[in-house]
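*Asks:* Provided below are the primary sequence and the corresponding predicted coordinates.
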Amino acid sequence: MKKGKLLYEGKAKRVYETDNKDLLIQQFKDDATAFDATKRGTIVNKGVINNEISRILFELLESKGIETHFVKQLDDRNMLMKRVEIIPLEVTIRNVVAGGMAKLLALEEGIVLDEPVLEYHYKKDELHDPLINDYHAKAMKLATDEELDFIKQRSFEINNILKSFFDHKGLDLVDFKLEFGRHKGKILLADEISPDTCRFWDKKTKKKLDKDRFRRDLGNVEDAYQEVLKRIIAE
Ligand code: TMP
Ligand code: ASP
């Protein structure tokens, strides 16, 4: 599959057209940003690691009946995917209080939630991806009632699969962000699933093994991403 025109360049990925109008190529970069890109840097090999982690997790989810945009891995930085119309919602699922939820509600990071919390953030950098609810999403015509119901149900299913998968790898899946897209009448899981978009804490030591090491200048960022991949691959 040959790379065509650059369609879109995001903070962590580039998306290219292909000679098939239904398929796109997603290329993972080493660039890292945080806080609406006011903080910028590079995480050596991040693109390679996130491409591989996303491949493994998309394949895992597909094997459990979750439809995703993933088609196949092309090489160490590129994956082929179905072209979707992205629904501009960042769907966050939280199992443990951290980051945005700790700040919003003045809660201690690390409180284990009795049941997962789902949030929508409107994907709009200029507005700093504000927290919204179903009514806002409908008022803004971002998605229909049926689509929101499907997205919610899917997100909790994905959480169950990933939580149990990472538990077996000695990692707490603290929280993560998902994006969905429309493709031929269906809603597919899109974007990526990686230490850029999830929080992973070591089950025993609670050491952070995700992008918070970059956001909070904790050091050993590359090692943390490598460690997550290593754990995922380990039997
Ligand atoms: P938050 O606690 O900062 O709201 O982040 C929740 C989860 O979403 C966390 O696992 C990191 C991920 N995330 C993204 O993937 N992109 C973003 O722009 C932000 C703010 C968070
Ligand atoms: N990548 C996002 C940004 O640059 C935020 C984040 O993941 O913290 O704004």
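*Replies:* In hand now; what should we look at? Ligands and ions are numbered 1, 2, ... in the order given.

*Asks:* what residues are up against the residue in the chain positioned nearest to ligand 2?
*Replies:* When scored by Cβ to the nearest ligand atom, the chain has Thr33 as its residue closest to ligand 2, at 3.2 Å. (C-beta placed from N, C-alpha, C; glycine too.) Contacts for Thr33 (Cβ atoms under 8 Å, 6 or more residues apart in numbering) come out as 11-12, 39-41.

*Asks:* same check, this time on Leu113
*Replies:* 94-97.

*Asks:* Any idea how far stretch 78-86 is from the middle of the chain?
*Replies:* Here stretch 78-86 is found 14 Å from its chain centre; the criterion is Cα atoms, centre = their mean, to the nearest Å.

*Asks:* what does stretch 72-92 give?
*Replies:* In this view, stretch 72-92 has its centroid 10 Å away from the chain centroid, taken as Cα atoms, centre = their mean.

*Asks:* Now that stretch: average pLDDT?
*Replies:* What stretch 72-92 shows for mean pLDDT is 98.

*Asks:* Do any residues in it lie close to ligand 1?
*Replies:* Yes: Stretch 72-92 is in contact with ligand 1 by Cβ under 6 Å from any ligand atom, via Thr92.

*Asks:* Show me which residues of that stretch are buried.
*Replies:* Buried positions in stretch 72-92, judged by neighbour count with 16 or more other Cβ atoms under 10 Å: 73-74, 77-84, 87-92.

*Asks:* Not counting its own residues, what contacts stretch 52-68?
*Replies:* 28, 70, 73, 76, 79, 154, 157-158, 161-162, 165, 186-190, 192-195, 228-229, 232-233.

*Asks:* Mark which of those residues are buried, thanks.
*Replies:* Among the contacts of stretch 52-68, those buried by neighbour count (16+ other Cβ under 10 Å) are 28, 70, 73, 79, 154, 158, 161-162, 165, 187-190, 192-195, 228-229, 232.

*Asks:* Strands - which of these land there?
*Replies:* Secondary structure from DSSP state E places 28, 70, 73, 79, 187-189 of those in strands.

*Asks:* just for this protein, where's the confidence low?
*Replies:* Filtered on pLDDT under 70, the chain yields no residues whatsoever.

*Asks:* The lengthiest strand in it near ligand 2 at all?
*Replies:* Ranked by residue count under DSSP E, the longest strand found in the chain is strand 112-122. No: remark: strand 112-122 sits outside contact range of ligand 2, by Cβ under 6 Å from any ligand atom, the gap being at least 10.5 Å.

*Asks:* Can you give the distance of that strand from its chain's centre?
*Replies:* In terms of Cα atoms, centre = their mean, the centre of strand 112-122 is found 15 Å from the chain centre.

*Asks:* Would you mind naming what in this structure lies close to ligand 2?
*Replies:* Checking the chain against ligand 2 by Cβ under 6 Å from any ligand atom, the hits are 11, 33-37, 211, 215.

*Asks:* sorry, back to before: closest to Phe176 out of the ones in strands among the buried ones among the contacts of stretch 52-68?
*Replies:* Leu189 (11.5 Å; Cβ to Cβ).

*Asks:* still on that earlier bit, what's the farthest-apart pair in the buried residues of stretch 72-92?
*Replies:* Across those (Cβ to Cβ), the longest gap, 29.1 Å, separates Leu74 and Thr92.
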